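>>> The following block contains a protein sequence and its predicted model.
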Amino acid sequence: MTKTVLITGGGSGIGRATALEAARRGWAVAILDRDAGSAERAADEALLAGAREVWSATSDVTNERELVDAFRAANTALGPVDAVAASAGIELNSPLAQMSLDTWRRVLDVNLTGTFLTVRTAARVLQDAGRPGSLVCVSSPSAFVGFAGGSNSAYGASKGGVSAFVRAAAIDLAPHGIRVNAVVPGATDTPMLYFGLDGEALETERARLRDAAARQIPLGRMADPVEVARAALWLLSDEASYVTGSHLVCDGGLMAKSANDF
Ligand SMILES: NC(=O)c1ccc[n+]([C@@H]2O[C@H](COP(=O)([O-])OP(=O)(O)OC[C@H]3O[C@@H](n4cnc5c(N)ncnc54)[C@H](O)[C@@H]3O)[C@@H](O)[C@H]2O)c1
């Protein structure tokens, strides 16, 4: 059955891929992003890819008012939203002793509080309408294991929070027929990995990541965003009707492998 999906952070990377994959299945797609241009571009692409209908808006997931207004407007434009992917996120890394309180707060605010506000808004809209729904949040291996390179305590804490939140939210919302799950992407080739880089620095980082993925990830490469999108779409679909409070790991085997070679 086709659905109407709302995607935060839908203008880029995993969110954009989720929008396009939903579109290919004929779903109606609402795209929110704090970046207006990328939300509009992704909506145009989704329409070309076969979406039943598209709608987009500029919305910052840390701004409660903007988010509530966007959900209402999406419901009016497309009909009842019954699937939500909370993909908006940022990664700001710094060694712990040098990490500023501002950086810590910003990462927690977007990744964890933004996910809470998205899920709470969706839950209120669905409960008010007495409708079931399916929500997917985006966690990370850093919720479960430390990154060998370090420097990601804020990001890891935010994603650990998302994973705990998903389990708790699933229990609260189950009586209302609302499922809440997480997808856990490993290294995924999106603009997030190259934040602030261009020209030669971008190419050097690309080559470094490709090489690191070949050596460290059992499947020997990073994920294409569409591979993560398909996992998210499965959780959002009725195929996953008995799945809630779960994590679907999509990391090429990264977490299955011990870092020790001996
Ligand atoms: N790329 C990876 O390797 C990877 C791995 C694990 C988890 N993730 C998670 O996947 C999700 C998507 O990341 P991505 O890799 O596609 O990154 P991305 O940078 O390509 O996309 C993130 C999108 O979120 C939007 N965004 C950021 N802050 C926002 C805010 N406050 N309000 C609304 N939109 C906002 C950005 O404008 C961007 O369009 C994030 O939650 C990220 O933490 C990514």
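Yep, it's here.
>>> only C-alpha atoms for contact and neighbour calcs from this point on.
Will do.
>>> For Val180, grab phi and psi.
Backbone torsions of Val180, given as degrees, to the nearest 10, read phi -130, psi 120.
>>> burial measure for it, as a count.
Taking other Cα atoms under 10 Å as the criterion, the count of residues near Val180 is 31.
>>> One more: the one 4 residues further on?
Val184 has 23 neighbouring residues, counting by other Cα under 10 Å.
>>> Would you verify that it is located in a strand?
Yes: looking at Val184 with DSSP: H, G, I helix; E, B strand; the rest coil, it is inside a strand.
>>> so who does it touch?
Applying Cα atoms under 8 Å, 6 or more residues apart in numbering, one finds that Val184 lies in contact with Val138, Ser139, Ser140, Pro141, His247, Leu248, Val249, Cys250, Asp251.
>>> Whichever of the residues you listed end up buried, select them in ChimeraX.
Buried residues among those (16 or more other Cα atoms under 10 Å), as a ChimeraX selection:
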select :138,139,140,141,247,248,249,250,251
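>>> Can you narrow the contacts of Val184 down to the ones near the ligand?
Among the contacts of Val184, the ones lying near the ligand by Cα under 6 Å from any ligand atom are Val138, Ser139, Ser140.
>>> Nearest spatial neighbour of Leu254, chain-adjacent residues omitted?
Ile217 (5.2 Å; Cα to Cα, 6 or more residues apart in numbering).
>>> Now for Ala123: which residues touch it?
By Cα under 8 Å, 6+ apart, Ala123 lies in contact with Leu173, Ile178.
>>> what do you get if the cut-off is 10 Å, keeping everything else the same?
Applying Cα atoms under 10 Å, 6 or more residues apart in numbering to Ala123 gives the contacts 117, 129, 131-135, 169, 172-173, 176, 178-179.
>>> likewise Leu92?
With Cα under 10 Å, 6+ apart, Leu92 has these contacts: Met99, Thr103, Trp104, Arg106, Val107, Ser151, Asn152, Ser153, Ala154, Tyr155, Met192, Phe195.
>>> Output the contacting helices and strands for the helix or strand bottoming out on mean pLDDT in the chain.
Ranking every helix and strand in the chain by mean pLDDT, DSSP states H and E puts helix 199-216 at the bottom, with a mean of 95. If you count contacts as 3 or more Cα pairs under 10 Å, 6 or more residues apart in numbering; DSSP states H and E, helix 199-216 packs onto no helix or strand.
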